[in-house]
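Participant: Here is my input; please provide its structure:
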Amino acid sequence: MTQDTDYDSFAEAYSTENETSLINGFYERPAMIKLAGDVRNRRILDAGCGSGPLTKALRDRGASVTGFDSSEAMISLARKRLGAEADLLTADLGQPLPFAEETFDDVVSSLVFHYLQDWLSPLQEIRRVLRPGGRLIMSVNHPILYPWTNPGSDYFKLTKYSDEHTFNGQPAILTYWHRPLHEMTDAFAKAGFQIEVVSEPPFSADAPPELVPPQFEGRESFLSFIFFVLRAK
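Facilitator: Alright, predicted model coming up:
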């Protein structure tokens with residue numbers, strides 16, 4: 001994807017950290033798998049597959065999965081995870097996708113779109129490669145996060161911002177685009193999608209207690225990401 005975050009520079013550290021992290025391993029990924037439901041014999045595109053954990057989970061559940069990512073380092077890690085026979089390629093969600101029209105039953109996109117300034121063109125490309133009635137299942141940063149963590153900022157303004165993170169001991173900077181909820185839903189409609197589900201799920205009940213911060217004890221959920229299931233009209 002066309003973005004300012006260089007995942008090649010910290011791909012292995014990011015992948016290792018997120019295998020078992022609360023946010024990814026026991027919150028985002030289980031939520032995506034649950035929203036996908038029964039995927040047996042479905043042809044799925046994992047758009048922005050990273051090192052392939054969701055690709056593998058869907059494949060293990062009987063789907064035929066193609067994955068792509070803009071980071072060559074991530075695709076290399078995905079090949080190690082999924083095997084040489086896996087259908088993986090390097091591609092940019094900000095550019096035309098190398099797939100024929102109506103190729104896939106579903107597209108999944110985990111934590112990808114918040115790196116993109118423009119949503120309409122990528123959504124239109126995803127709509128093109130989906131069969132009529134197919135689904136786009138996606139997660140992005142919750143739109144409340146940026147104004148919540150940056151008091152005084154304008155919730156309604158499309159805003160580029162960066163956060164510092166540490167993944168498996170390695171520092172990294174992630175650069176995002178904040179957009180209000182109505183801009184997300186406007187883009188969905190313009191690209192030819194109908195919203196079926198908006199989800200703000202709890203973290204997994206399987207999360208090890210030592211991963212749950214003290215302030216989350218006794219709570220079932222917290223705001224970090226927002227999830228959508230969209231139907232191609």
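
Participant: Let me see the ranges of the helices in this protein.
Facilitator: 11-19, 22-23, 29-36, 53-60, 72-82, 120-129, 145-149, 181-191 (DSSP state H).

Participant: Quick one: closest of the ones you listed to Asp163.
Facilitator: helix 145-149 (8.4 Å; Cβ to Cβ). Bear in mind the C-beta positions are built from the backbone N, C-alpha and C, glycine included.

Participant: mind exporting that closest one as PDB, just the C-alpha atoms?
Facilitator: Provided in PDB are the C-alpha atoms of helix 145-149 (Å, rounded to 0.1, in the frame of the first residue of the first chain):
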ATOM      1  CA  LEU A 145      -8.700   6.900  19.200                       C
ATOM      2  CA  TYR A 146      -6.900   9.900  17.600                       C
ATOM      3  CA  PRO A 147      -9.000  12.600  19.300                       C
ATOM      4  CA  TRP A 148      -9.100  10.700  22.500                       C
ATOM      5  CA  THR A 149      -5.300  10.400  22.700                       C
END
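
Participant: Would you mark the buried spots in it?
Facilitator: Across helix 145-149, burial judged by 16 or more other Cβ atoms under 10 Å covers 145-147.

Participant: out of those, which one sits closest to His178?
Facilitator: Set against His178, the nearest of the buried residues of helix 145-149 by Cβ to Cβ is Tyr146 (3.8 Å).

Participant: Now for the nearest residue to Ala78 once chain neighbours are set aside, how many residues are close by?
Facilitator: Once flanking residues are discounted, Ala78 sits nearest to Gly52: 3.4 Å by Cβ to Cβ, 6 or more residues apart in numbering. When neighbours are defined as other Cβ atoms under 10 Å, Gly52 has 24 of them.

Participant: Check Thr185 too.
Facilitator: 15.

Participant: The helices of the chain: which one's closest to Phe216?
Facilitator: Comparing the helices of the chain by Cβ to Cβ, helix 22-23 comes nearest, at 8.4 Å.

Participant: mind checking pLDDT for the closest residue to Val112 other than its chain neighbours?
Facilitator: Excluding its sequence neighbours, the residue lying closest to Val112 (Cβ to Cβ, 6+ apart) is Gly48, at 3.5 Å. Gly48 carries a pLDDT value of 97.

Participant: Phi, psi for Gly48 please.
Facilitator: phi 80, psi 50 (degrees, to the nearest 10).

Participant: Other residues contacting the top strand by length along the chain?
Facilitator: The single longest strand within the chain, with elements called by DSSP state E, is strand 130-141. For strand 130-141, the external contacting residues (Cβ atoms under 8 Å, 6 or more residues apart in numbering) are 28, 31-32, 35-36, 102-114, 123, 126-127, 176, 178, 184, 193, 196, 224-233.

Participant: of the residues you listed, buried ones?
Facilitator: Buried, going by 16+ other Cβ under 10 Å: 28, 31-32, 35-36, 103-114, 123, 126-127, 176, 178, 184, 193, 224-232, out of the contacts of strand 130-141.

Participant: Identify the bridge partners of the spatially most central residue of the chain.
Facilitator: Centroid-nearest residue in the chain, with Cα atoms, centre = their mean: Ser110, separated by 1.2 Å. Ser110 has the following beta-bridge partners by DSSP bridges: Ser139.

Participant: pretty sure it contacts Gly48?
Facilitator: Yes - at 6.7 Å, Ser110 counts as touching Gly48 under the criterion of Cβ atoms under 8 Å.
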